[in-house]
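Novice: sequence plus the predicted model coming up.
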Amino acid sequence: MRRTFTAPSEGFVQARLRGARSTDLDLGIFKAGSRQLVAGSANLASREDATGFVAKGQKLRVQVCRRSGDARRATLKVRFWKAKFVRDAERVELVRVRTRTPAEQGRLASLGLDTTDHATDTFWDALLYGSDDEDRLRRSGLSYTTLIADVAKRDRANRRAERRAARSASQRARRYLFFSRVV
């Protein structure tokens, strides 16, 4: 299954897939017209959640792939939300919050932060949008560490590295073709 979408604003896209447990489905969000991955999910079974950063007007293709099983139906929900950048000076930060008890998980959930979909028995990752979110987490008393201090900056660096790698691979392929014709 493939569907195309256009991002209404700069921010985030989230695709959620739910299907039969007897079938293993994977999910990918790509820039339309290319194979560049925006986000993906490849869990066991058919509970997939993928979230990525998008630019306003960006064309996207959401693709579902069946790995195994024979279920014919699954529910795909795609939503967009505008980036909650309060001021240019504030960054989006990815933190890992220690949540070893149900009480700690409940306390984190009650803060209204943007938590990831993949909590474990010992931690839950969250995005902090500026100093208000960071203050709320600090006042909660939960222990946390910063995984990525500036998510947008890391994303830009990753995209530059991907473009360099693609150019390098293309140049190697052209040199190989040139030398294979000469020999």
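Specialist: Received it, and whenever you're ready, just let me know what you need.
Novice: may I have the secondary structure class of the closest residue to residue 16 other than its chain neighbours?
Specialist: Closest residue to residue 16 apart from its sequence neighbours, by Cβ to Cβ, 6 or more residues apart in numbering: residue 77 at 4.8 Å. Where C-beta positions appear, they are placed from N, C-alpha and C, glycine not excepted. With DSSP: H, G, I helix; E, B strand; the rest coil as the basis, the three-state label of residue 77 is strand.
Novice: ok, residue 116 touching residue 124?
Specialist: Yes: under the criterion of Cβ atoms under 8 Å, residue 116 is in contact with residue 124, at a separation of 7.0 Å.
Novice: those two: which has the busier surroundings?
Specialist: Each of residue 116 and residue 124 has its neighbours counted (other Cβ atoms under 10 Å); residue 124 has more, 23 against 13.
Novice: can you give me the strands for the chain?
Specialist: Secondary structure of the chain (DSSP state E): strands at 2-6, 11-19, 24-31, 37-41, 47-54, 59-68, 74-82, 92-98, 114-115, 123-129, 144-148.
Novice: neighbouring strands - and their directions - for the fifth one?
Specialist: Here the strand partners of strand 47-54, with direction, are listed using DSSP bridges: strand 11-19 (antiparallel).
Novice: same deal with the first one?
Specialist: Note on strand 2-6: by DSSP bridges, its sheet partners are strand 59-68 (antiparallel).
Novice: hmm, who's touching the partner strand?
Specialist: Contacting residues not belonging to strand 59-68 are listed as 1-7, 13, 15, 17, 23-33, 38, 54, 74, 76, 78 [Cβ atoms under 8 Å, 6 or more residues apart in numbering].
Novice: at 6 Å what do you get?
Specialist: Outside strand 59-68, the residues that touch it by Cβ atoms under 6 Å, 6 or more residues apart in numbering are 1-6, 15, 24-30, 32, 78.
Novice: for it, buried residues please.
Specialist: Buried residues in strand 59-68, counted by 16 or more other Cβ atoms under 10 Å: 60-62, 64, 66.
Novice: equivalent analysis for stretch 31-46, please.
Specialist: Residues 31, 38-41, 45-46 are the ones in stretch 31-46 that count as buried (16+ other Cβ under 10 Å).
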